[in-house]
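> What would the 3D arrangement of this be:
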Amino acid sequence: MLFAVGATVAAASDSGGSGSSGTSSRAPGRYSPDAGFARDMAVHHQQAVEMSFIVRDRTKDEPVRSLAYDIANTQANQRGMLLGWLDLWGLPKVIADEPPMSWMATSAGGAGGAGGAGGATSDGGAGEPGSHHGHDMGAAKPGALMTGMATKEELAALGAAEGRDAEVLYLQLMTDHHKGGVAMARGCARQCATPAERALAQGMVEAQQSELTLMADMLKQRGAAPRG
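Presented below is the predicted three-dimensional model:
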């Protein structure tokens, strides 16, 4: 697994240059979709891992515990790839003046998209932060950092629940989380310039859509349904 993560990170590094040349001249810009997605999805994934560890301690139900393990393992590894790319690109993991998901608007509606080394993938110009929000993202609920993410109060409720109540709340929270994650990943699949990152994003879309179907069935088995 670690070898696979390393190989994927290396592929992202290699994709920025041509032939055997280095990647510094073609690395994504500070505010590019590539960098913005890596930063935001790393945070988004971290909460999914946290929720999954919480529910594994709150229920003995094996299907839910198995799902939680799979989600935690997958998203922890993907998070490592995203942070590894930022390191390779020499870009910060946190930018104080970058609103969450602002990268989703950087190449929307313009010809200077993320398809090359210029435009939204270079510092300045279309790649700078602004007041834009992701054009296909719903607004984050009050108290949540990004769309789909749980609030501190919801995390506390999950930590206090037990048995079926914990299972249902986890499945509902993770359903919301996956819906937000799918929208973000679709944005990168459209806008990111790095082939390996686009491929990872598309894989997230497909895997999380499958898990959304599974979680809807699991909620139905417990006499519940997704929220909203």
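> Give the residue spans of the chain that score low on pLDDT.
Applying pLDDT under 70 to the chain picks out residues 1-25, 106-138.
> Closest to the centroid, which residue in the chain?
residue 41 (2.8 Å; C-alpha atoms, centre = their mean).
> How about the contacts made by that one?
Taking C-beta atoms under 8 Å, 6 or more residues apart in numbering, we find residue 41 in contact with 78, 79, 82, 181, 184, 185, 188, 204. Just so you know, the C-beta spots here come from the backbone N, C-alpha and C atoms, and that holds for glycine as well.
> And it, its phi and psi?
Dihedral pair for residue 41: phi -70, psi -30, per degrees, to the nearest 10.
> Sticking with the nearest residue to residue 186 once chain neighbours are set aside, tell me its helix or strand.
Leaving aside its sequence neighbours, residue 186 sits nearest to residue 205 (C-beta to C-beta, 6 or more residues apart in numbering; 5.7 Å). Using DSSP states H and E, the element containing residue 205 is helix 195-221.
> List the buried residues for that helix?
The neighbour-count check on helix 195-221 (16 or more other C-beta atoms under 10 Å) flags 196-201, 204-205, 207-208, 211-212, 215, 218-219 as buried.
> show me the contacts for residue 52.
68, 69, 71, 72, 75, 170, 174 are the contacts of residue 52 under C-beta under 8 Å, 6+ apart.
> again, but for residue 146
So residue 146 contacts 40, 43, 44, 100, 101, 140, 180, 184 (C-beta under 8 Å, 6+ apart).
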